[in-house]
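**Q** sequence and predicted structure are below.
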Amino acid sequence: MGKDIIIACDFSTKEDTFSFLDRFKDIKPFVKIGMELYYSEGSDIIKEIKARGHKIFLDLKLHDIPNTVKRAMSVLSKLNIDMCSLHAGGTSDMMRAAAEGIIRDDGTRPMFIAVTQLTSTSQESMQRDLLIDEPMDKVVAHYALTAKNSGLDGVVCSPHESSRVHSVCGKDFLTVTPGIRFKDSVKDDQSRIMTPIEAKKAGSDYIVIGRPITTSKDPVWVYGESLKEFLD
């Protein structure tokens, strides 16, 4: 099981995306493609980025009835992506169906992970809006165990919950953690955040960094410094 930094390429056009990636020259970071870019450019953007040699986390966070998600995952499996997500809130029936759909014709599949609670969600908003009164780390750990029992490889959670997830699901169960900010970064709309080195100490397997890299004046340097913090 490797560790890596995933750059969230939250751009709206392929022109902006490739203008950003061109700055990395021969460096090929693992990138996350989310709803904004995928809905804007479609599957062609995935094929173009793969052709450039990047690993791709396709983060569409599917959440629907089991049959619909299974069929959608079957389509996405043909894109040669390296990681794919859905919402754990869709229940074990949906996750098990999706795990069947994501298998490729040759029997392989991308890393398959479930979103637990978004890093923009606080304990207070979870209680107020979702009527979930349990502590955040307990809720996330329960979602993670349900995902594991449904055949998934890991979860998306905040770095604050990585240790709890591993204690419940084992060290080989992946924790992919957004909500990464540097000490001098703007918090933006994130609630549960850590720095790269803090996330490393917390046990995160992959960290996802978006705006602190993509909006910086020198994203290649920031990416390199982040790698030093997280991997060294």
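**A** Received the coordinates, thanks. Quick caveat, the model's predicted, so the values are computed rather than measured.
**Q** for the rest of this, base every contact and every neighbour count on C-alpha atoms.
**A** Noted.
**Q** what ranges do the strands span in the chain?
**A** For the chain, the strands defined by DSSP state E occupy 4-8, 30-33, 56-62, 83-87, 111-115, 154-156, 174-177, 206-209.
**Q** ok, and what's touching the fifth one?
**A** If I follow you right, that is strand 111-115. 61, 82-89, 99, 144, 147, 152-157, 174 (CA atoms under 8 Å, 6 or more residues apart in numbering).
**Q** also the shortest one?
**A** The contact list for strand 154-156, computed with CA under 8 Å, 6+ apart, reads 111-117, 144, 147-148, 173-178.
**Q** report the strands that pair with it, each with its relative direction.
**A** When pairing is defined by DSSP bridges, strand 154-156 lines up against strand 111-115 (parallel), strand 174-177 (parallel).
**Q** if you rank the contacts of strand 154-156 by neighbours, which is first?
**A** A144 (31 neighbours; other CA atoms under 10 Å).
**Q** and the residue nearest to it when sequence neighbours are not counted, bridged to which residues?
**A** In space, A144 comes closest to V155 once its chain neighbours are excluded; the distance is 6.1 Å by CA to CA, 6 or more residues apart in numbering. V155 has these beta-bridge partners by DSSP bridges: A114, T175.
**Q** surely G53 touches I27?
**A** No: here G53 does not reach I27: they are 9.4 Å apart, not a contact under CA atoms under 8 Å.
**Q** which of the contacts of strand 111-115 are buried?
**A** Among those, those buried by neighbour count (16 or more other CA atoms under 10 Å) are 61, 82-89, 99, 144, 147, 152-157, 174.
**Q** ok, which of the strands paired with strand 154-156 comes nearest E41?
**A** Nearest of the strands paired with strand 154-156 to E41, taken as CA to CA: strand 111-115 at 22.7 Å.
**Q** ok, which stretches of the chain are helices?
**A** Here the chain has its helices, by DSSP state H, at 14-21, 35-41, 43-51, 66-76, 91-101, 123-130, 136-149, 162-169, 196-202, 211-214, 219-231.
**Q** okay if I get the ones you listed as JSON lines plus mean pLDDT and distance to K183?
**A** Listed next are the helices of the chain as JSON lines, based on pLDDT from 0 to 100; distance: least, CA to CA, whole Å:
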{"stretch": "helix 14-21", "mean pLDDT": "97", "distance to K183": "24"}
{"stretch": "helix 35-41", "mean pLDDT": "96", "distance to K183": "27"}
{"stretch": "helix 43-51", "mean pLDDT": "97", "distance to K183": "31"}
{"stretch": "helix 66-76", "mean pLDDT": "97", "distance to K183": "37"}
{"stretch": "helix 91-101", "mean pLDDT": "98", "distance to K183": "36"}
{"stretch": "helix 123-130", "mean pLDDT": "95", "distance to K183": "22"}
{"stretch": "helix 136-149", "mean pLDDT": "97", "distance to K183": "23"}
{"stretch": "helix 162-169", "mean pLDDT": "96", "distance to K183": "20"}
{"stretch": "helix 196-202", "mean pLDDT": "93", "distance to K183": "10"}
{"stretch": "helix 211-214", "mean pLDDT": "93", "distance to K183": "11"}
{"stretch": "helix 219-231", "mean pLDDT": "95", "distance to K183": "12"}
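**Q** that concludes my questions; thank you for your assistance.
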